[in-house]
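In: Mind folding the following:
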Amino acid sequence: MKTKEKIGNIRNIGIIAHIDAGKTTVTERILYYTGRSHKIGEVHDGEAVMDWMPDEQERGITITSAVTTCRWQNTEIQIIDTPGHVDFTIEVERSLRVLDGAIGVFSAVEGVEPQSETVWRQADKYHVPKIAFINKLDRTGADFFGSVKMIRERLKAYPLILQLPVGSEDNFNAIIDLIRMKQIVWDADTLGAEYEEQEIPAALASAAAEYRDKLLETVAEFDDDIMEAYLAETPVDTAALLAAIRKATIDLKLVPLLCGAALKNKGIQPLLDAITQFLPSPADIPPIEGMHPESGQVIQCRPKDSEPLAALIFKVSMMEGRKLSYIRIYSGQIKSGGEVFNPARNEKEKIARILNMHANRRERATTAGAGSIVGIVGLKNSSTGETLCDQNHPILLEKIEFYEPVISIAVEPKTHADQEKMDTVLAKFMAEDPTLVVRQDEDTGQTILSGMGELHLEVIISRMQREFHTNVNVGKPQVVYRETIERPGAATTIFDKEIAGQRHFAEVSVNMAPLPRGTGNKFVAEVTNDLLPDIFSAAAEKGVWESLESGPLMGYPVVDVEVRLTNANFKESVGSELAYTVSASMACKDAMNAGNPFLLEPIMTAEIFVPEAFIGDVIGELNSRGGKIESIEHKGGAQVINAIVPLSQMFGYSTNLRSATQGRGTFSMQFSHFDRN
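Out: Predicted coordinates:
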């Protein structure tokens, strides 16, 4: 059983960044230096511990968030390595929802990239304290201070420089620790496992003193004792300085900033020290709040084993045919063989096994307490975002928000045997991944998969074939549109039918009007209770919402409209809920047609890195695809084009960009909004 002191020695952290900033490489070094791994797994060799799926090893990217635990200086560090590709952003979202701290990894060459901004905002949304680690200082074009400036300007963060790099690019060989005013040099023969603290060279002493002074000046703004010592020009106690930085970090006022080159095994041990010194334990953050499922009363979950159980399922995966649920325990504890309660489903669930996770390897445990992140086997119906608690103390924790898919493909089984397997496999994938939506096209009979991007759907198809030996024919990717109206429309419909010997009657009038883009849908009932009883008004509202699920043009969801129930005719003996639901739905469809419906398509923000010589061709290509250039910046010997462009025009763009730039251009793209093209 965890004591209070033990909870204070836990760090639940995530490693977040843009794709290819070096997250997984940083994680592999952490596992090696903490003794969790006996050799360093390299991403480019397909041997990284945390990238264990075949698709991850082949593509050299992280696809699914992996959980592991290691120890550093009597502190238990539970790490979630998250994907950096925008198609798998839900993995980051649900990981950050359950973490207490995060390490943002930035490439010193590219600095803050689009997905870095996205994951940073996700961390801000959940009030997660962060450390920044500027990686790849050994690479050509590395710019430490340029990256710091981008963190300040793009992320609106307040970076606190704790280290300075010594040398740059090929000559990067050490760092200066501004807290203890020492130079740290790593031993190449021990793969960086051994390092030496030295006095700061005379040539660097003035720069180190200048940045030490800036560090103290910054921390003094948030701590009175440091301010007093700083103004009096008396030596600042190291323990007091560390405590002040820790408090400001946990209060989200400062972001401690460190640096290194993970691939060259430099900078990882000080990063581990910073995790233990500056990021919070479960006991350091405010208790998470939930709600009583019946009374709505707010309940606080204090991080103690003696409190009632409150845990959140943040991920579900299928391992060897069994359902494995990843949970974060906020308060209380669970026992192997014990029962838990799911208030969202009003069901009891049995815990068959508790597993401590190390990527895809598992170690059995008998109990798990407050602050733990563990895998559990045995849950039958509970799914991602749901709460597990004690039946005598029910609580609902805030659910995880999921994203709308923007791209679809049609799939057909190759054989009759594949058809049976396909339905089962897709059901498993949907349980694992809430951003994957599967539906049947009524007109063609095809199965339509909708996801977050081309890579997302490619990986799903690859896993179907590899893991489950299910062969399918795949159609071309299609954009997932939305529908809305151009002008107000009104309609009145009468539903009057005899069903199973009983007459059902309803007459409903609705007005529909367009709303500003991104507003969502709104329903207003203007009829009074004496004109239409509440029960039938609710049935009419249900019909309205159902009708908005499928628009009149191509059956896509209708967005950004306001529907007003303006009039209704009620007949005492023949009025029914069914009739008002159907009548309101029909009236909505007619009002939509009267409002001149049109399609909205996904608009993406794109960032394209282009060598100077090719910028004209790339801009011409973007213009031909309907893109709008928003800015062009110079960075690291290349031009960076920021543009917005319709998703429908971006299929095959990576191939065209490579051929137009002799393979030297790269781009990243993420969803911005729906709009008329």
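
In: Quick one: residues contacting residue 294.
Out: Under the criterion of Cβ atoms under 8 Å, 6 or more residues apart in numbering, the contact list for residue 294 reads residue 394. Using the backbone N, CA and C atoms, a C-beta is placed for each residue, glycine as well.

In: pLDDT wise, what is it at?
Out: Confidence at residue 294, expressed as pLDDT, is 86.

In: Residue 219 is in contact with residue 244, isn't it?
Out: Yes: the pair formed by residue 219 and residue 244 meets the contact definition of Cβ atoms under 8 Å, at 5.2 Å.

In: any common contacting residues for the two?
Out: By the contact definition Cβ under 8 Å, 6+ apart, residue 219 and residue 244 are jointly contacted by residue 226.

In: so residue 539 sits in a helix?
Out: Yes: remark: residue 539 belongs to a helix, assigned using DSSP: H, G, I helix; E, B strand; the rest coil.

In: Against residue 493, how distant is it?
Out: Counting by Cβ to Cβ, to the nearest Å, the gap between residue 539 and residue 493 amounts to 14 Å.

In: Same drill for these two, tell me which one is more crowded.
Out: Neighbour totals were compared for residue 539 and residue 493, and residue 539 leads with 23 against 19 (other Cβ atoms under 10 Å).

In: so where do the helices sit in the stretch 201-350 of the chain?
Out: 202-220, 224-232, 238-250, 268-278 (DSSP state H, counting those that start in this stretch).

In: wait, which of the ones you listed is closest to residue 483?
Out: The closest approach between residue 483 and any of those, judged by Cβ to Cβ, belongs to helix 238-250 at 45.9 Å.

In: Need the contact partners of the closest one.
Out: Among residues not part of helix 238-250, those counted as contacts by Cβ under 8 Å, 6+ apart are 129-131, 160, 162, 179-180, 216, 219, 222-223, 225-226, 229, 254-256, 277-280, 284-285.

In: Quickly compare the helices of the stretch 201-350 of the chain and say which is most buried.
Out: Using mean count of other Cβ atoms under 10 Å, the stretch among the helices of the stretch 201-350 of the chain with the largest mean neighbour count is helix 268-278, at a mean of 21.

In: Give me the contact list for the one helix or strand residue 484 maps to.
Out: Under the criterion DSSP states H and E, the helix or strand holding residue 484 is strand 482-485. Judged by Cβ under 8 Å, 6+ apart, the contacts made with strand 482-485 from elsewhere in the structure are 512-514, 551-554, 556-561, 592, 595-601, 674.

In: what does the helix or strand just after that strand contact?
Out: Past strand 482-485, heading to the C-terminal end, the next element that is a helix or strand (DSSP H and E) is strand 489-499. The contact list for strand 489-499 (Cβ under 8 Å, 6+ apart) reads 503-512, 566-567, 569, 578-580, 582-583, 586-596.

In: tell me the angle of the next helix or strand after strand 489-499 relative to strand 489-499?
Out: Going down the chain from strand 489-499, the next helix or strand is strand 502-514, by DSSP H and E. Here strand 502-514 runs at 170 degrees with respect to strand 489-499, directions being taken by axes from the mean of the first three to the mean of the last three Cα atoms, to 10 degrees.

In: before we move on, the earlier item: return the alpha-carbon coordinates of the strand holding residue 484 using PDB.
Out: Once non-C-alpha atoms are left out, strand 482-485 reads as follows in PDB (Å, rounded to 0.1, in the frame of the first residue of the first chain):
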ATOM      1  CA  ARG A 482     -20.600  19.100 -43.400                       C
ATOM      2  CA  GLU A 483     -23.800  20.700 -44.700                       C
ATOM      3  CA  THR A 484     -25.400  24.000 -43.800                       C
ATOM      4  CA  ILE A 485     -27.900  26.600 -45.300                       C
END
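
In: On the pLDDT front, check the closest residue to residue 281 other than its chain neighbours for me.
Out: The spatially closest residue to residue 281, leaving aside those adjacent along the chain, is residue 8, at 4.8 Å (Cβ to Cβ, 6 or more residues apart in numbering). At residue 8 the predicted local distance difference test score is 85.

In: got a list of what residue 8 touches?
Out: Taking Cβ under 8 Å, 6+ apart as the criterion, residue 8 is in contact with 281, 283, 284.

In: need the contact list for the last one.
Out: Which is residue 284. 8, 100, 250.

In: these two touch, right, the second one and residue 12?
Out: What that stands for is residue 100. Yes: Residue 100 is within contact range of residue 12, at 4.6 Å (criterion: Cβ under 8 Å).

In: next helix or strand past the helix or strand of the chain with the lowest mean pLDDT?
Out: Here the helix or strand of the chain ranked lowest by mean pLDDT, DSSP states H and E is helix 54-59, holding a mean of 46. Secondary structure here is assigned by DSSP H and E; on that basis, the next helix or strand after helix 54-59 toward the C-terminus is strand 66-72.

In: okay, the angle between that following strand and helix 268-278?
Out: With the same axes, to 10 degrees defining the directions, strand 66-72 sits at 90 degrees from helix 268-278.

In: what helices or strands is strand 66-72 leaning on?
Out: Here strand 66-72 is seen to pack against helix 23-33, strand 75-81, helix 268-278, strand 353-358 when contacts are counted using 3 or more Cβ pairs under 8 Å, 6 or more residues apart in numbering; DSSP states H and E.

In: out of those, nearest to residue 306?
Out: For the helices and strands packed on strand 66-72, distance to residue 306 was read as Cβ to Cβ. The smallest value, 18.7 Å, belongs to strand 353-358.

In: what is the mean pLDDT for the next helix or strand after the closest one?
Out: Following the chain from strand 353-358 toward its C-terminal end, the next helix or strand by DSSP H and E is strand 361-365. On average, the pLDDT along strand 361-365 is 80.

In: List the pairing partners of strand 361-365 within its sheet, with orientation.
Out: Strand 361-365 has the following strand partners under DSSP bridges: strand 353-358 (antiparallel).

In: Buried residues, the strand it pairs with. List them.
Out: Counting neighbours by 16 or more other Cβ atoms under 10 Å, one finds that the buried residues in strand 353-358 are 353, 354, 355, 356, 357, 358.

In: Please identify which of the helices and strands packed on strand 66-72 is closest to residue 441.
Out: Within the helices and strands packed on strand 66-72, the stretch nearest residue 441 is strand 75-81; the backing value is 36.6 Å (Cβ to Cβ).

In: how far out from the middle of the chain is that closest one?
Out: Relative to the chain's own centre, strand 75-81 is displaced by 18 Å; criterion: Cα atoms, centre = their mean, to the nearest Å.

In: follow-up on the earlier one: TSV for the helices of the stretch 201-350 of the chain, including distance to residue 532?
Out: Supplementary listing: the helices of the stretch 201-350 of the chain in TSV, determined by distance: least, Cβ to Cβ, whole Å:
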stretch	distance to residue 532
helix 202-220	63
helix 224-232	64
helix 238-250	54
helix 268-278	60
